[in-house]
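Q: Starting from these lines, generate the structure:
(one chain, ligands or ions: 1)
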Amino acid sequence: MIGGEFFNEIMELGIEGKVAMVAAATRGIGLAAAQALAKEGALVSVCGLDAQRIEKAAALLGKPHRAYRCDLGSAGDIADWIAVTQRDLGAPSILVTNTGGPPAGRIGAMDAAQWQKGFENTVLNVVRLVNGLSPAMKKSGWGRIVHITSLVAKDPDPMVAISSTLRAGISAMSRLQARELGRDGITVNCLLPGHTETDRQTHLLELRAKERGTGLDEERRRAAEAVPVGRLARTEEIADVVAFLCSQRAGYVSGAQIVVDGGITGGLG
Ligand code: NAD
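A: Residues are numbered from 1 along each chain as shown. Below you'll find the predicted structure:
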């Protein structure tokens with residue numbers, strides 16, 4: 001459906017009743033994305049690792065939404081998460097591939113095991129989720145896929161060498177998926193968040209503080225100062241863009257790298 005009727009309304013996103021899977025979403029950007037989709041009437045299935053957080057996320061989202069345990073580094077867990085979502089909510093037509101983020105550190109400090117883990121948790125899970133869900137989306141003729149990556153896909157950061165490398169790969173993968181799935185009514189985009197107030201951001205600022213011999217508050221102040229809008233992002237500000245990309249309205253946005261970073265990324269590419 002091209003969705004002509006939606007254009008007569010005030011930014012109606014048109015996703016009420018659609019089943020959405022949001023990976024790594026028991027806190028931070030993923031949880032905010034799940035909440036934004038739920039607010040728009042989607043039936044949301046989130047996953048995470050920690051039992052307490054899963055319970056908390058389920059309570060926060062409320063019924064009919066669901067939260068499950070799924071280790072995104074495990075093929076079996078991903079297959080199970082897809083199956084229970086289909087059983088409990090129906091066939092998913094929206095997929096947001098978020099992750100916990102690969103191990104942080106400089107390129108010379110990263111060993112082969114960290115690269116391997118980074119690949120399995122950051123890239124292979126995206127492949128498995130798209131391969132698991134796209135056949136049903138194709139059949140229904142409608143789908144929205146958003147890969148949450150990072151501004152480092154465009155502007156590599158020495159402090160997160162694995163993330164910078166693998167996220168650039170997901171940008172390429174996303175383009176290929178967009179080309180392959182476009183004629184079946186499925187859009188595929190990457191959302192590249194900038195510095196966003198979450199637990200992971202605090203962890204990265206702590207690493208930076210340790211390296212420079214400063215403190216967390218000082219690093220947070222410096223990080224905010226470096227952003228043209230003068231502050232870090234709130235998770236909701238990333239989530240609203242995710243919700244738009246998952247909407248009927250965004251049917252002509254595909255294969256794109258959408259940077260939501262307060263203007264910090266340099267260059268024009
Ligand atoms: P976060 O640490 O606040 O939340 C991470 C979520 O991932 C949690 O729900 C956790 O349970 C889940 N998770 C971790 N490992 C998992 C696994 N193996 N299986 C299933 N779930 C798992 O992180 P965040 O800051 O919200 O970041 C989300 C993503 O956005 C990350 O990939 C990160 O690299 C990226 N990102 C974050 C920022 C930032 O400033 N926060 C900036 C750019 C990109």
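
Q: Flag every residue of this protein that's near the ligand.
A: Proximity of the chain to the ligand (CB under 6 Å from any ligand atom) is limited to residues 24-30, 47-50, 53, 70-73, 98-101, 121, 148, 150-151, 163, 193, 195-196, 198-201. (C-beta placed from N, C-alpha, C; glycine too.)

Q: isn't R144 right next to S247, touching?
A: Yes: counting by CB atoms under 8 Å, R144 does reach S247; the two are 7.5 Å apart.

Q: Show me the common contact partners of these two, please.
A: Shared contacts of R144 and S247 (CB atoms under 8 Å, 6 or more residues apart in numbering): I15.

Q: The two: which is more packed in?
A: A count of neighbours by other CB atoms under 10 Å puts R144 above the other of R144 and S247, at 29 against 24.

Q: And the host helix or strand of that one, what does it pack against?
A: Taking DSSP states H and E as the definition, one finds R144 inside strand 143-148. When contacts are defined as 3 or more CB pairs under 8 Å, 6 or more residues apart in numbering; DSSP states H and E, strand 143-148 sits against helix 28-39, strand 92-97, helix 125-140, helix 161-181, strand 186-193, helix 235-245.

Q: contacts for the helix or strand that the shortest one is followed by?
A: The reference is to strand 92-97. Next in sequence after strand 92-97, counting helices and strands by DSSP H and E, comes helix 112-119. By CB under 8 Å, 6+ apart, the residues outside helix 112-119 that reach it are G73, P102, P103, G105, I162, S163, L166.

Q: mean confidence for helix 112-119?
A: Across helix 112-119, the average pLDDT comes to 96.

Q: Please apply the same query to stretch 225-245.
A: For stretch 225-245, mean pLDDT rounds to 97.

Q: State the distance from R27 to L49.
A: The gap separating R27 from L49 is 10 Å, by CB to CB, to the nearest Å.

Q: the more surrounded of these two?
A: Neighbour count, other CB under 10 Å: between R27 and L49, R27 has more, with 19 against 15.

Q: Which residue, other than its chain neighbours, is closest to the residue in the stretch 51-200 of the chain that the ligand sits nearest to?
A: The stretch 51-200 of the chain approaches the ligand most closely through G100 (2.3 Å), counting by CB to the nearest ligand atom. Distances taken as CB to CB, 6 or more residues apart in numbering place A24 nearest to G100, at 5.4 Å, with adjacent residues excluded.

Q: now swap in C47 and tell me
A: The spatial neighbour of C47 that comes closest, neighbours along the chain excluded (CB to CB, 6+ apart), is C70 at 3.8 Å.

Q: List the residues that contact that neighbour.
A: By CB under 8 Å, 6+ apart, the neighbours of C70 are A23, C47, G48, D77, I78, D80, W81.

Q: neighbours around the first one, how many?
A: A23 has 26 neighbours, counted by other CB under 10 Å.

Q: Likewise for the fifth one?
A: For I78, the neighbour count with other CB under 10 Å is 23.

Q: looking at it, it is touching V130, isn't it?
A: No: applying CB under 8 Å, one finds I78 not in contact with V130, separated by 10.7 Å.

Q: quick check, A59 in a helix?
A: Yes: counting by DSSP: H, G, I helix; E, B strand; the rest coil, A59 falls inside a helix.

Q: how near is H203 to A83?
A: Applying CB to CB to H203 and A83 gives a distance of 32 Å.

Q: Repeat that for R220.
A: In terms of CB to CB, R220 sits 41 Å off from A83.

Q: Comparing these two, which residue is more hemmed in?
A: Using other CB under 10 Å as the criterion, R220 and A83 rank with R220 on top: 19 against 11.

Q: Great, nothing more from me.
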